[in-house]
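> Quick one: sequence plus predicted model below, questions after.
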Amino acid sequence: MVELSKKELLERLKSLDVDAELLFHDEGKYHVFIAGGGALILMEYTSRATSDIDVIDASKALYKLFDKYQMNGHIAAHINSFLFNYEDRVELILKGEKIDFYTISLEDIVVSKLCAGRPPDWDDLKVVSKHVDWEKLEMLVSNDNEISTLKMSFRHYSEFMHAYERYMEEFKP
């Protein structure tokens, strides 16, 4: 699988927009919400490459085009790792003719990576730590209405909070 840089990610998004315009010309405007490493690259928080573009949500008609562009639409299966109101904090990354592409906020990405608890995510968490809005992150983690949407077991919630506290201790200025 090809490793994608920011330039290659943007080229794929623009090509998807062109294909969507050709296929769905008479229909309305679509959206794609990007998460994970692809979002971090597009927001210029990291310069590393990624093997795919994680899509947390998109207009349903677009899913059949995702494989062609190395877009992972299966991340929706992990929706419990994302805060419920992430749409309130998205950033427009590319306004296309047919599709508007958004990234979820950096703080939402941090929460999802802490929730996932995968060792490779810690590298991303370290790199982005100097860009995190720590007050916003604290508000998200301490807001019962937000954090309860993660639907974690008591054990998973305890692991998440331990990872969050470790992250704060190691990286918060």
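Now that the structure is in, tell me what you want to look at. Numbering: from 1, shown residues only.
> model confidence over stretch 164-173, on average?
For stretch 164-173, mean pLDDT rounds to 95.
> So what's the gap between it and the chain middle?
In terms of C-alpha atoms, centre = their mean, to the nearest Å, the centre of stretch 164-173 is found 21 Å from the chain centre.
> now do stretch 98-110
6 Å.
> What distance do you get for Asp52 to Tyr86?
For Asp52, the distance to Tyr86 equals 19 Å [C-beta to C-beta, to the nearest Å]. Using the backbone N, CA and C atoms, a C-beta is placed for each residue, glycine as well.
> which SS class is the residue lying farthest from the centre of the chain?
Distance from the centre of the chain peaks at Asp26, with 29.1 Å (C-alpha atoms, centre = their mean). Following DSSP: H, G, I helix; E, B strand; the rest coil, Asp26 is assigned to coil.
> How about the contacts made by it?
If you count contacts by C-beta atoms under 8 Å, 6 or more residues apart in numbering, Asp26 has none.
> pLDDT score for it?
Value for Asp26, per-residue pLDDT: 79.
> ok, which stretches of the protein are helices?
Per DSSP state H, the chain carries helices over the ranges 6-23, 36-42, 106-116, 119-128, 134-142, 144-147, 154-171.
> Those: which one's closest to Ile99?
helix 6-23 (4.8 Å; C-beta to C-beta).
> In the closest one, which residues are buried?
By neighbour count on 16 or more other C-beta atoms under 10 Å, the buried set for helix 6-23 is 6, 9-10, 12-13, 16-17, 19-20.
> Identify all contacting residues around that helix.
2, 4, 30, 32, 38, 41-42, 44, 47, 49-50, 53, 61-62, 65, 68-71, 94, 96-99, 101.
> Filter these down to the ones in strands?
30, 32, 53, 71, 94, 99, 101 (DSSP state E).
> Name the spans of this protein whose pLDDT lies under the cut-off.
1, 75-80, 149 (pLDDT under 70).
> about what we covered before: so which of the helices of the chain is nearest Phe82?
The nearest among the helices of the chain, by C-beta to C-beta, is helix 106-116 at 5.3 Å.
> now the closest one and helix 154-171, what's the angle there?
130 degrees (axes from the mean of the first three to the mean of the last three C-alpha atoms, to 10 degrees).
> Check whether Ser105 really touches Leu83, as I assumed.
No. Counting by C-beta atoms under 8 Å, Ser105 stays clear of Leu83, with 9.4 Å between them.
> most centrally placed residue in this protein?
Nearest to the chain centroid, counting by C-alpha atoms, centre = their mean: Ala35, 1.3 Å.
> Thanks a lot, catch you later.
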